[in-house]
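**Student:** curious how this folds, go ahead:
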Amino acid sequence: MIESHVDQRELEAIKARYGIGGRTAGPGPFPIVLIKPSHYDSDGYVIQWWRPGPSTDTLARLRDLFDKFRQRKALGDAVHLEVRTIEEESTRVRTDRLARELRDGKGLVVLTGVQSRQFPRAMDLALPLRVTGVHVCMGGFHIARSLTAAGGVTPELQEAMNLGVSLYAGEVEEDRLERVLRDAWRGELKPLYNYLGDTPAGERAPEPLLGPNPVRGMIGIPAGLDATRRHPQQQSVSTLVVVPHQEPRRRTPDELDRLIREHVDRGAVRFFIADDNLAEHPGWEQIFDRLIAMREQQKLNIELTVQVDTCCNRRPGFIEKAGRAGVRRVFIGIERLSAGSPGAETQCCLAEYQSMLLEWKRAGVIVFAGYVFGFPGDTRQSVLDDIRTIQQELAVDLLEPYCLATLPRAESQAHQDGADATMTAAEGEPLCLDAWRGYYTLEHMETVLRRAAGTGVDLHQLTALLRWFHFCVIYEKVDPLQGGWLRRKHRTDRRATMMKEKFFPFYLRYAAELLYKQVKMAQVSRRLRGLANRLERQRGASPES
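**Tutor:** Next up is the predicted model:
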């Protein structure tokens, strides 16, 4: 449930006072500000980092489209589009400055990639902009999921529209986005652009090329390519949450070959293939053969991250070719393992998982596993038992446990599957934190490194990932995929419903927290690196090497 903090009784007074909407920008500059909002921590402060972890390529995709509009002068020769991007996880958003610059409809702010946990922050960003007449458009999974799950506009979405925020639901296509741009320039943004029922063809969606330094200070930026395009609310988080998909729109091996070469020419060598299950792609073998040729014949050091299902090893040669093609990280969904779980054949699952995971390890691939709980029959004890089983029986390197009720689109997916989540978000979040902590103990991370030493996995890369996940979970208390290095906090950037702290107590505590966390990080790094170095020396001295 998204907490509402905009007083509905004040909306009409706000609109009357500031004269929201109805202005045409006219000739001259028309700034476009693309913002990927962050979210609040448990104390109400915006989560930001001096160096954030890898993010999605949402901003790059949108900027690419707006740059096309700028180059072909979509609003006419007299209007000059000025496009800039802000990733709030690394850059502070000063709404007061944006409001002064763009007031009275002199530009457009796009809040993109908004998921459920980011919606309150997105609303806090939109409010001061809207009261000064700035055009604001918001899109993301939360909007699509809410419209689908509720069968219409929910109260929090209605609240946003009452404030004058335009909502966008569906896939972003060039013609659709140009329609939004033209409406914003004329001061006629619609309350809702709903394209959820209109699925475009795959060939209508060219991939954007990532420019240099798309996000300031970001650690390890992979280029994202989608081999299979699906509708936003149809994309499952892992193979555990099965959704009845429409026929996916596949990219051909020729298209992926061209896209990868274009990115390589721009300096990208690491790629995330955004496909729910690359093993289902009818052209997977052709894709891998071309990548193998790039690596082995043209000596291009390409590295891939892919997502597959637990049956991928049933396709002859898939894992072996994946390793040769440069797959270095793989995401796999793990089903429930506890004895007594409905429909779970525990021993059969374990044996099949063990065989499949060992093949990936022999190929030198780091294995990420997603584990979703909160289904009928799941209890706190069964979940923790599964975590211990995964630790002891499966060659998983990094585990990502999540509660079904807290996942984006989970409500609509569970509804479509005919399965209701048995845990609420309030019940699931503490258990989720316990599951993360239970897996990323120092002792188990050392076990993971010892297992990996007998395979071709890069021990130092695995050490860095384990340290990252452990630090984010134990000390920063955030999802590692949303973590970073050195937490940034600004005293005034607190949730609107919470009081501002006094200056000196806030910054003294903040400085003490930074020092404590860095000391702990150094201790964990020393322990894990020491073990990795010893294992590397033993690996080099073994007869097989």
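
**Student:** could you look up the SS state of residue 530?
**Tutor:** helix (DSSP: H, G, I helix; E, B strand; the rest coil).

**Student:** any idea of the pLDDT on it?
**Tutor:** pLDDT for residue 530: 96.

**Student:** for the residue nearest to residue 103 when sequence neighbours are not counted, phi and psi?
**Tutor:** Using C-beta to C-beta, 6 or more residues apart in numbering and skipping residues adjacent in sequence, the residue nearest residue 103 is residue 132, 4.2 Å away. (C-beta placed from N, C-alpha, C; glycine too.) Residue 132 has phi and psi values of phi -110, psi 10 when expressed as degrees, to the nearest 10.

**Student:** ok, now which ones touch residue 132?
**Tutor:** 18, 99-100, 102-104 (C-beta atoms under 8 Å, 6 or more residues apart in numbering).

**Student:** repeat for residue 471
**Tutor:** Per C-beta under 8 Å, 6+ apart, neighbours of residue 471: 483, 517, 520-521, 524.

**Student:** mark which of those residues are buried, thanks.
**Tutor:** For the contacts of residue 471, a burial check counting by 16 or more other C-beta atoms under 10 Å picks out 483, 517, 521, 524.

**Student:** counting neighbours, which of the contacts of residue 132 comes out on top?
**Tutor:** residue 102 (23 neighbours; other C-beta atoms under 10 Å).

**Student:** count the neighbours of the closest residue to that one other than its chain neighbours for me.
**Tutor:** Nearest in space to residue 102, with sequence neighbours left out and distances taken as C-beta to C-beta, 6+ apart, is residue 134 at 4.5 Å. By other C-beta under 10 Å, the residues close to residue 134 number 26.

**Student:** how close does residue 134 get to residue 128?
**Tutor:** For residue 134, the distance to residue 128 (C-beta to C-beta, to the nearest Å) stands at 9 Å.

**Student:** one more: residue 65?
**Tutor:** 27 Å.

**Student:** try residue 393
**Tutor:** 53 Å.

**Student:** please enumerate the strands of the stretch 51-200 of the chain.
**Tutor:** Taking DSSP state E, counting those that start in this stretch, the strands of the stretch 51-200 of the chain run over residues 79-87, 108-111, 135-139, 166-169, 192-194.

**Student:** partner strands of the third one and their direction?
**Tutor:** Paired strands of strand 135-139, with direction, are strand 108-111 (parallel), strand 166-169 (parallel) (DSSP bridges).

**Student:** off-centre distance for it?
**Tutor:** 20 Å (C-alpha atoms, centre = their mean, to the nearest Å).

**Student:** neighbouring contacts of it?
**Tutor:** 102, 105, 107-114, 122, 126, 129-130, 160, 164-169, 172, 180, 184, 187, 189.

**Student:** returning to that earlier point: in helices, which of the buried ones among the contacts of residue 471 appear?
**Tutor:** In this view, the buried ones among the contacts of residue 471 that belong to helices under DSSP state H are 517, 521, 524.

**Student:** looking at those, which is nearest residue 261?
**Tutor:** Closest approach to residue 261 among these (C-beta to C-beta): residue 521, at 38.5 Å.

**Student:** got phi/psi on the residue nearest to that closest one when sequence neighbours are not counted?
**Tutor:** Computed as C-beta to C-beta, 6+ apart, the closest residue to residue 521 that is not its neighbour in sequence is residue 471, at 5.6 Å. Residue 471 has phi and psi values of phi -70, psi -40 when expressed as degrees, to the nearest 10.

**Student:** quick one: residue 99 from residue 131, how far?
**Tutor:** 8 Å.

**Student:** should've said residue 137
**Tutor:** Residue 137 is 16 Å from residue 131, by C-beta to C-beta.

**Student:** ok, back up a step: of all the strands of the stretch 51-200 of the chain, which lies closest to residue 443?
**Tutor:** strand 79-87 (35.7 Å).

**Student:** the closest one pairs with which strands, parallel or anti?
**Tutor:** For strand 79-87, pairing defined by DSSP bridges yields strand 28-36 (parallel).

**Student:** burial measure for the nearest residue to residue 193 once chain neighbours are set aside, as a count.
**Tutor:** Distances taken as C-beta to C-beta, 6+ apart place residue 168 nearest to residue 193, at 4.7 Å, with adjacent residues excluded. By the criterion of other C-beta under 10 Å, residue 168 has 23 neighbours.

**Student:** picking up where we left off before, show me which of the ones in helices among the buried ones among the contacts of residue 471 is closest to residue 93.
**Tutor:** Of all these, residue 517 has the smallest distance to residue 93: 24.2 Å, by C-beta to C-beta.

**Student:** wasn't residue 472 part of a strand?
**Tutor:** No. Residue 472 is assigned helix when assessed by three-state DSSP, not a strand.

**Student:** report the contact partners of it.
**Tutor:** 478-480, 483.

**Student:** ok, now with 7 Å
**Tutor:** 478, 480, 483 (C-beta atoms under 7 Å, 6 or more residues apart in numbering).

**Student:** contacting residues around the last one?
**Tutor:** Residue 483 is in contact with 53, 468, 472, 476, counting by C-beta under 7 Å, 6+ apart.

**Student:** ok, the second one touching residue 480?
**Tutor:** What that stands for is residue 468. Yes. With contact defined as C-beta atoms under 7 Å, residue 468 reaches residue 480; the gap is 6.0 Å.

**Student:** thinking again about what came up before, relative to residue 101, how far out is the residue nearest to residue 102?
**Tutor:** 9 Å.

**Student:** that older thread, quick one: closest of the strands of the stretch 51-200 of the chain to residue 268.
**Tutor:** Here strand 79-87 is closest among the strands of the stretch 51-200 of the chain (C-beta to C-beta), at 17.6 Å.

**Student:** contacts for that closest one next, please.
**Tutor:** Contacts for strand 79-87 (C-beta under 7 Å, 6+ apart): 27-36, 55, 59, 63, 66-67, 69-70, 75, 93, 185, 215.

**Student:** for the stretch 51-200 of the chain, what spans make up the helices?
**Tutor:** 58-71, 95-102, 119-130, 141-150, 155-163, 174-186 (DSSP state H, counting those that start in this stretch).

**Student:** helices and strands of this structure: which one bottoms out on pLDDT?
**Tutor:** Taking mean pLDDT, DSSP states H and E as the measure, the helix or strand of the chain with the lowest value is helix 410-417, at a mean of 41.

**Student:** beyond that helix, next helix or strand please.
**Tutor:** For helix 410-417, the following helix or strand on the C-terminal side (DSSP states H and E) is helix 425-439.
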